[in-house]
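Peer 1: The following comprises the amino acid sequence and a computationally predicted model.
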Amino acid sequence: MPDRSDIRDPAAAPDAAVEPAPRRRRLEPDERRAQILACAIDMFGERPYAAVSTAGLAQRAGVARGLINHYFGNKRDLYLAVVHRMVTLPRIDDMVVPTGTARERVEASVNWLLDTIAEHGNTWVKVTSHEGVGNDPEVQQILDEADDAAAERMLLMVGMADSAHGAQLRALVRAFGGLVKVAGREWIVRGTLRRDEVHALLVDMLTTLVSETMPRVDSGR
């Protein structure tokens, strides 16, 4: 005979019916997807692309392997999601556009860049330097679109967003972005530069770009 504690009280059924179960079910998939992506970001930063397996990722994330396929498809699709996450910028509405002198704007812009890089340092370096799946057209497209978006954002931050020569100015910022990627590798992977040294380098270069090169291009000279 079952213990009295095992017998459900019929009067409790109405209370169970009003529990916010639908809300938990709606939020859970997003949280699980974010958990898997966070683990993938870590793993692709720690290991070469070929050494990352969906089975190993599932074990680390504490989920069934089938869930990775459900949310992301195969390993390459998951890697593309990691690339996209690494280069996605905050929404423009969430940004505080710096004010003050040109130098102060540059300092704030470089701090923003380095904070963005530092969040997932090793993975950011590998993604932006084409480590992983190699010369993949889809990866390249994501990176190119991210470079364009970052150039737009940088022009806004340094007060040059309304220039009639926007295409040329964006090209200059993309060229500066190449220096950012190399300096990031020296700092994060090779350890040959400290963050403050990278900061000083990028501030000097961006200051020259903003105070000399961009005005010259903007005036049509």
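Peer 2: Perfect, I can see it now. Source: prediction; values computed, not measured.
Peer 1: From Arg190, how far off is the residue nearest the centre of the chain?
Peer 2: By CA atoms, centre = their mean, the chain has its centre lying nearest to Met86, at 2.7 Å. From Met86 across to Arg190, the span is 19 Å (CB to CB, to the nearest Å). For the C-beta atoms, the positions are set from N, CA and C on the backbone; glycine is no exception.
Peer 1: lowest average confidence, helix or strand, in the protein?
Peer 2: helix 13-17 (a mean of 45; mean pLDDT, DSSP states H and E).
Peer 1: For the closest residue to Leu202 other than its chain neighbours, give its distance to Arg32.
Peer 2: In this structure, Leu202 finds its nearest non-sequential neighbour in Val110, 4.7 Å apart by CB to CB, 6 or more residues apart in numbering. Using CB to CB, Val110 is found at 36 Å from Arg32.
Peer 1: Between these two, tell me which one has more neighbours.
Peer 2: Val110 (23 against 16; other CB atoms under 10 Å).
Peer 1: Look up the pLDDT of the more buried one for me, please.
Peer 2: On the pLDDT scale, Val110 is placed at 90.
Peer 1: Residues contacting the helix or strand in which it is found, please?
Peer 2: Assessed by DSSP states H and E, Val110 sits inside helix 102-119. When contacts are defined by CB atoms under 8 Å, 6 or more residues apart in numbering, helix 102-119 is touched by residues 89, 98-99, 124, 154, 157-159, 180, 184, 188, 195, 198-199, 202-203, 206-207, 210-211.
Peer 1: and if you look at stretch 141-151?
Peer 2: 80, 83-84, 87-89, 127-128, 169-171, 173-174, 177.
Peer 1: In strands, which of those fall?
Peer 2: Per DSSP state E, strands hold no members of those.
Peer 1: what about stretch 73-85, distance to the chain center?
Peer 2: Its chain's average C-alpha position is 13 Å from that of stretch 73-85, according to CA atoms, centre = their mean, to the nearest Å.
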